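S.K.: Structure for the following, please:
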Amino acid sequence: MTKNTTKQPSQIQQIFELLMTGAEPTPLDIFTQCDCMSANQRFSDLCLKYNVPVNSEPVILPNGKRVNKHWLEPFYIDGIQAGTITPPSFYTGE
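M.R.: Have a look, this model is predicted:
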């Protein structure tokens with residue numbers, strides 16, 4: 001049996017890469033796209049451990065539930081892509 005040596009990105013990396021696309025995901029979006037059941041904790045990790053300025057705002061879903069959507073400001077995304085803002089240590093830019 002051959003062991004798979006390809007390293008999968010962490011949940012934090014997956015979420016950050018999603019945010020870098022300009023998406024505004026909710027925890028349910030994170031669950032479906034990144035298979036992460038603790039999205040709010042990962043957003044907190046991005047803010048507190050990696051100093052990523054993640055914004056959030058409450059939204060009401062069509063079923064009436066209230067959740068937060070999260071996003072990065074365009075100037076932050078542009079700054080990382082231009083190299084004027086230092087990205088988190090785990091980010092490769094791929």
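
S.K.: can you confirm Val59 is in a strand?
M.R.: Yes - assignment of Val59 by DSSP: H, G, I helix; E, B strand; the rest coil places it within a strand.

S.K.: contacting residues around the closest residue in space to it that isn't next to it in sequence?
M.R.: Counting by CB to CB, 6 or more residues apart in numbering, Val59 lies nearest to Lys69, which is 5.1 Å off, once chain neighbours are set aside. In this view, the C-beta of every residue, glycine as well, is placed from N, C-alpha and C. By CB atoms under 8 Å, 6 or more residues apart in numbering, the contact set of Lys69 is 24-26, 56-59.

S.K.: how close does Ile60 sit to Val67?
M.R.: Going from Ile60 to Val67 by CB to CB, to the nearest Å gives 8 Å.

S.K.: Looking at these two, which is more packed in?
M.R.: Val67 (16 against 9; other CB atoms under 10 Å).

S.K.: what's in contact with the longest helix anywhere in the chain?
M.R.: Counting residues, the longest helix found in the chain (DSSP state H) is helix 39-50. Contact with helix 39-50 is made by 11-12, 15-16, 25, 27, 30-31, 36, 52-54, 56, 68, 70, 88-90, as judged by CB under 8 Å, 6+ apart.

S.K.: what's the distance between the spatially most central residue of the chain and Asn63?
M.R.: With distances taken as CA atoms, centre = their mean, Ile15 lies nearest the centre of the chain, 2.7 Å away. For Ile15, the distance to Asn63 (CB to CB) stands at 23 Å.

S.K.: Thanks a lot, see you next time.
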